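Peer 1: Generate coordinates for the sequence data below:
(2 chains)
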Amino acid sequence: MKTAVYWGCVIPTMQYSYEMSIREIMPHLDVDLVDLDNASCCGTPVQSVNMVAAVYLAARNVAIAERMGFADLLAVCNGCHLSLFEAAHFLRYDEKLREQVQRLLKEEDLQYSGKMKIWHTIDFLHDMIGEEAIKKAVTHPLNGLKLAVHYGCHILRPSSIGTVDDPENPRKLDDLIEWLGAKSIPYPEKLDCCGAMLMLSHPDAAFTFTGLKLKAVQELGVDAFVDSCPSCQNMFDVRQKSAAATTGAKLNMPVIYYAQLLGLAMGIPQEKLGLNLNRSPIDEFLQKALVH
Amino acid sequence: MNSSMTITDQMTSKKPDAELKRRVLRKIGEHKPYSCYQCIKCTSGCPSMKMLELKPHEIVALAKAGFIDELLNSGIIWTCAICLKCKERCPQAVAPVDLIMALRNLAVDKEAKVPESFLQSLSMILECGHISRPQPTITRKLEKIDREKLVLPKFKESDERFKATFMKALESRTEGESQH
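Peer 2: Numbering: from 1, shown residues only, chains lettered A, B, ... in the order given. The predicted structure follows:
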């Protein structure tokens, strides 16, 4: 199956391990990824400044996928996924905005029909690929591992425009983990925000969001913390030390992308999954995962 | 609007601004703040309330009363983490976060207090189509590494045609009423 993939900004410029692990796991699931030609930012960072320009950016990337002849587009970043979903909603109901955006798209001979099916890593794996195919691809089950999951705000809310999973009680990432043989441990802070969007204006508050959630997860005694958004990973993994310093918590929580975890369960070598790029202390966890 | 009909801010003796209020509310649906009955569900679930004293229900009340300039200049609109819980949970579909975003857009238009970093992302998108160019990174063992060494496909910057169109997009303002 051929699917268009949209990486956004954070993944191809900073979070290389997400891109590497997605590129590695998809062929094992018979998915042939095709990058968008001349893709750009999804519009999320522009929303605070100019909503019209933000919707234009989102629609532009979808229109490129349309021109390339795709009906499905995999937007692996939570922020991009929301931006493309929101744009679809605005453009469906706001006629004047639709005209404005179509006029802009025309400058690059693009057209937006709104028919594209937008996927995120989590619902793509859970609903499109499904339990049977994933279990079949697992050669190194992660039996006995205890994990906690983080969905990230922007694939869960607002449910009024359609989302990846239930906004208050999501299960898909938990299912995906359990299909690998591991156990997903429920916890009260599961829906809490990582704080990434505050990095531009209030970094200390952002680190406090991150630190408090990591502290709660650490107290669960889980083997690792699993997420699926580059901005969340940037906070929980790369910025874990700053989060610890800001909150005064002693943090040593292994943080890993679901795509990396699935890759491990498929027996893909660690370097190919970018596991040497995670900054959080994951070595002990990796040893434990590889024993299984 | 007849100014004798409106309230006065006791702290500053300022009157609300009806025109600015219309400009903001048009972006989110003019009826929305009027549906709010101050149940405070938004504020009780707001993570920025705990850290930065953002009270979404107050933002809605102030906008309804027309104190837009005060909101634009207070800095409080930049404390929202955009977690979208208020939008999900509001029983009246008011979506305080949409109002906050509309206020941010207006703050930019009016050149009010806008955190510098928001505008930096814009200039990067104009330069290369993305908020950043690929950054060199380090492994856990502190070795320097980049896209090329990781054998990832070459990162492509956007062409001139995109840049010109994005520039035009930035000059656009909302013409219609958004249906959030």
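
Peer 1: What's the separation between residue B:125 and residue B:140?
Peer 2: Distance, residue B:125 to residue B:140, by CB to CB, to the nearest Å: 31 Å. To be clear about C-beta, it is placed using only N, CA and C from the backbone, and glycine gets the same treatment.

Peer 1: Residue A:195 now?
Peer 2: Residue A:195 is 23 Å from residue B:140, by CB to CB.

Peer 1: ranges for the strands of chain A?
Peer 2: A:2-6, A:32-35, A:72-75, A:117-119, A:146-149, A:183-184, A:224-227, A:255-257 (DSSP state E).

Peer 1: among the ones you listed, which is nearest chain B?
Peer 2: When these are compared by CB to the nearest CB, strand A:32-35 sits nearest chain B, at 6.8 Å.

Peer 1: So residue A:268 sits against residue A:26, correct?
Peer 2: No - in this structure, residue A:268 is not within contact of residue A:26 by CB atoms under 8 Å, at 11.3 Å.

Peer 1: quick check: domain ranges of the chain?
Peer 2: By default, I'm working from chain A. A:2-119, A:139-291 (automatic domain parsing).

Peer 1: I was after chain B.
Peer 2: B:9-109, B:116-169.

Peer 1: Please name the residues that touch the nearest residue to residue A:56 once chain neighbours are set aside.
Peer 2: Closest residue in space to residue A:56, ignoring its immediate chain neighbours: residue B:169 at 4.3 Å, by CB to CB, 6 or more residues apart in numbering or on different chains. By CB atoms under 8 Å, 6 or more residues apart in numbering or on different chains, residue B:169 lies in contact with A:50, A:52-53, A:56-57, A:104.

Peer 1: For stretch A:35-52, give the mean pLDDT please.
Peer 2: When pLDDT is averaged along stretch A:35-52, the result is 96.

Peer 1: pLDDT score for residue A:155?
Peer 2: 98.

Peer 1: ok, now residue A:292?
Peer 2: Note for residue A:292: predicted pLDDT of 61.

Peer 1: now do residue B:12
Peer 2: 76.

Peer 1: so which strand or helix has it?
Peer 2: If you go by DSSP states H and E, residue B:12 is not part of any helix or strand.

Peer 1: In the stretch 1-150 of chain A, what residue spans correspond to helices?
Peer 2: A:10-13, A:16-28, A:51-67, A:78-93, A:95-106, A:121-123, A:130-137 (DSSP state H, counting those that start in this stretch).

Peer 1: Show me what the shortest one is packed up against.
Peer 2: What it means is helix A:121-123. Applying 3 or more CB pairs under 8 Å, 6 or more residues apart in numbering or on different chains; DSSP states H and E, one finds that helix A:121-123 makes contact with helix A:172-178, helix A:258-265.

Peer 1: Among the ones you listed, which comes closest to chain B?
Peer 2: So among those, helix A:258-265 is nearest, using CB to the nearest CB, at 13.4 Å.

Peer 1: And the contacts of that closest one?
Peer 2: Everything outside helix A:258-265 that qualifies as a contact, by CB under 8 Å, 6+ apart, is A:17-18, A:21-22, A:24-25, A:121-122, A:125, A:134, A:137-142, A:147, A:173, A:176-177, A:180-182, A:224, A:226-228, A:270, A:272-275, A:278, A:286, A:289-290.

Peer 1: could you measure residue A:236 against chain B, distance?
Peer 2: Separation of residue A:236 from chain B (CB to the nearest CB, to the nearest Å): 15 Å.

Peer 1: surely that residue meets residue A:229?
Peer 2: No - between residue A:236 and residue A:229 there is no contact under CB under 8 Å: 9.6 Å.

Peer 1: List the contacts of the nearest residue to residue A:210 once chain neighbours are set aside.
Peer 2: Excluding the flanking residues, the one nearest residue A:210 by CB to CB, 6+ apart is residue A:243, at 4.0 Å. Under the criterion of CB under 8 Å, 6+ apart, the neighbours of residue A:243 are A:207-208, A:210-211, A:214, A:235-236, A:249, A:251.

Peer 1: would you list the contacts of residue B:169 in JSON lines and tack on neighbour count and distance to residue A:63?
Peer 2: Below are these laid out as JSON lines (neighbours: other CB atoms under 10 Å in any protein chain shown; distance: CB to CB, whole Å):
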{"residue": "A:50", "neighbour count": "22", "distance to residue A:63": "19"}
{"residue": "A:52", "neighbour count": "23", "distance to residue A:63": "16"}
{"residue": "A:53", "neighbour count": "26", "distance to residue A:63": "15"}
{"residue": "A:56", "neighbour count": "28", "distance to residue A:63": "10"}
{"residue": "A:57", "neighbour count": "28", "distance to residue A:63": "11"}
{"residue": "A:104", "neighbour count": "23", "distance to residue A:63": "10"}
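
Peer 1: re the thing from before, more neighbours: residue B:125 and residue B:140, which one.
Peer 2: For residue B:125 and residue B:140, the more surrounded residue by other CB atoms under 10 Å in any protein chain shown is residue B:125, and the numbers stand at 25 against 14.

Peer 1: Mind telling me which residue of the stretch 1-150 of chain A is nearest chain B?
Peer 2: residue A:96 (2.9 Å).

Peer 1: where's residue B:45 relative to chain A, distance?
Peer 2: 9 Å.

Peer 1: what's the residue nearest to that residue when sequence neighbours are not counted in contact with, if anything?
Peer 2: Among residues not flanking residue B:45 along the chain, residue B:85 sits closest, at 4.7 Å (CB to CB, 6+ apart). Residues near residue B:85 by CB under 8 Å, 6+ apart: A:153, A:157, A:191, A:193, B:42, B:45-47.

Peer 1: Tell me, how many residues neighbour residue B:136?
Peer 2: 10.

Peer 1: tell me the contacts of the nearest residue to it once chain neighbours are set aside?
Peer 2: Among residues not flanking residue B:136 along the chain, residue B:146 sits closest, at 4.7 Å (CB to CB, 6+ apart). Applying CB under 8 Å, 6+ apart to residue B:146 gives the contacts B:134, B:136-137.

Peer 1: got it, and residue A:50?
Peer 2: B:105, B:108, B:169-170, B:172-173.

Peer 1: Could you list the low-confidence segments of the chain?
Peer 2: Since no chain was named, I'll use chain A. A:292 (pLDDT under 70).

Peer 1: sorry, should have said chain B
Peer 2: B:1-6, B:174-180.

Peer 1: residue ranges of the strands in it, please?
Peer 2: Along chain B, the stretches classed as strands by DSSP E are B:137-138, B:144-145.
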